[in-house]
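1. here are the coordinates; sequence isn't available:
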């Protein structure tokens, strides 16, 4: 990893060191738009053609939907130990997200006017789960459980199948346990289009959540407005904020836990201790030599692996807030005190035994987090992403009478005479 002093100039330009481009979609945009439009206009026919082309699976509208028998077979194939862990994780995720639930409310004023807010879940949520070279049941849980806790009655999942038309057993079991209503075998941009517009087989949803490759990301951008989306997620990232107290072996292991995701992943240590910085760098080299995803880790660290040495904790915290990382581990003598000074982070992990993978799989808070500095204005996926709020307004004649002239004045100042008249006619007599 590159070790750099956190000079005033480096603090000023710190984002440029780790900025990953997530909007260079030009070479793919035309293709994605063609796929989206084809599914929009031709429905199942286009969807099945793309499934044949990209996934090499020959499906029909009937076999595109995962059948109960397929889910039962998946249960027979999943390791019982993994199933037990999935169920424990679901309980933790449920308990955490239950605390996020909001209630509708009504308030009355002395003049008799009534104001309020009604909370309603969306009717249909669409969850996209990548397939590709690996299965990620944790992704299923983190996207589905908040929707179910929010009260969404219909949770539709799309995920690619293999050329035999089979979905990963771990994915199917996680979906069933989490509460998915229906599962469909389709992936890529075509799946996003199907969820956004609906086909003869797949229902149109109100919100699409879930990660994916660049084709999925572009498709979500294209359909946004016809349907709500969670975000356009970028590569994974971790920032460890440390003084001289943590074990360098722990710090190195945690940095590599994110570097192994892909070559664009970012792993950053900001510390006030040069000794820690050098020891962490040594441990990174030792661990990397032994890890299975060595090639990916080395490329990630070459591209976006940094150790910044700050003169003091104030400078270190300023740098961390500027980076606004997806995951932030706070490994200081007083992690809770340090945490109160952090303004921008997707998720914060406090103390040496709160390693980032704890949040990925098990603790309960959502692992779908803002990336690439967007923690300055975005939040983790949660119950709020699956609800909508309606305002409630009720005035009697007696409540409106003292203020109706004020409303007329406001409307006339904007040149909206019909607005003014809508109020005036109620008091002309």
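-> Structure received. Worth saying up front: this structure is predicted, and the values here are computed from it rather than measured. Residues are numbered from 1 along each chain as shown.
2. quick check: next helix or strand after the least confident helix or strand in the chain by mean pLDDT?
-> Least confident helix or strand, the chain: helix 14-18 with a mean of 79, by mean pLDDT, DSSP states H and E. Using DSSP states H and E, the helix or strand that follows helix 14-18 towards the C-terminus is helix 26-42.
3. the nearest residue to residue 283 once chain neighbours are set aside: which element?
-> Nearest non-adjacent residue to residue 283, counting by CB to CB, 6 or more residues apart in numbering: residue 252, 3.5 Å away. For the C-beta atoms, the positions are set from N, CA and C on the backbone; glycine is no exception. Assigned by DSSP H and E, residue 252 belongs to helix 248-259.
4. and if you look at residue 391?
-> strand 387-394.
5. neighbouring strands - and their directions - for that strand?
-> Applying DSSP bridges, strand 387-394 is found paired with strand 114-121 (antiparallel).
6. which SS state does the closest residue to residue 349 other than its chain neighbours fall under?
-> In space, and not counting its chain neighbours, residue 349 is closest to residue 329: 4.5 Å by CB to CB, 6+ apart. Reducing the assignment at residue 329 to three states with DSSP: H, G, I helix; E, B strand; the rest coil gives strand.
7. residue 329 contacts residue 354, doesn't it?
-> Yes. Assessed by CB atoms under 8 Å, residue 329 is found in contact with residue 354 at 7.1 Å.
8. neighbour count winner among these two?
-> residue 329 (29 against 16; other CB atoms under 10 Å).
9. contacts only, for that one.
-> Going by CB atoms under 8 Å, 6 or more residues apart in numbering, residue 329 touches 238-242, 251, 254, 348-349, 354-356.
10. any idea what residue 5 is bridged to?
-> Counting by DSSP bridges, the residues bridging with residue 5 are residue 309.
11. right, and it touches residue 309 too?
-> Yes. Under the criterion of CB under 8 Å, residue 5 lies in contact with residue 309, with a separation of 5.4 Å.
12. of the two, who's got more company?
-> residue 309 (22 against 12).
13. list the contacts for the more buried one?
-> Contacts for residue 309 were tallied using CB under 8 Å, 6+ apart; they are 3-6, 271-274, 277.
14. picking that back up, can you name the residues bridging to the residue nearest to residue 349?
-> Beta-bridge partners of residue 329, as defined by DSSP bridges: residue 240, residue 349.
15. what's the burial count for the residue nearest to residue 283?
-> Using other CB under 10 Å, residue 252 is surrounded by 24 other residues.
16. returning to that earlier point: where neighbours are concerned, which of the contacts of residue 309 has the most?
-> residue 271 (27 neighbours).
17. now do the contacts for the residue nearest to residue 320 when sequence neighbours are not counted.
-> Nearest residue to residue 320 in three dimensions, chain neighbours excluded: residue 241, at 5.0 Å (CB to CB, 6+ apart). Applying CB under 8 Å, 6+ apart, we find residue 241 in contact with 270-271, 316-317, 320, 328-332, 338, 342.
18. look at residue 241 and report its pLDDT.
-> In this model, residue 241 is scored at 98, pLDDT.
19. then residue 12?
-> 84.
20. separation between it and residue 319?
-> Look at residue 12 and residue 319: by CB to CB, to the nearest Å, they are 10 Å apart.
21. just give me the neighbour total for residue 355.
-> Neighbour tally, residue 355, other CB under 10 Å: 15.
22. other SSEs contacting the helix ranked longest in the chain?
-> As assigned by DSSP state H, the longest helix anywhere in the chain is helix 80-98. In terms of contacts (3 or more CB pairs under 8 Å, 6 or more residues apart in numbering; DSSP states H and E), helix 80-98 is packed against helix 137-150, helix 169-178.
23. any idea which of these is most buried?
-> helix 137-150 (a mean of 25; mean count of other CB atoms under 10 Å).
24. what does the pLDDT read for the closest residue to residue 36 other than its chain neighbours?
-> Spatially, and ignoring its direct neighbours in sequence, residue 36 is nearest to residue 193 (4.2 Å; CB to CB, 6+ apart). Residue 193 carries a pLDDT value of 98.
25. and residue 193, what does it touch?
-> Here residue 193 is in contact with 35-36, 38-40, 47, 219, 223 (CB under 8 Å, 6+ apart).
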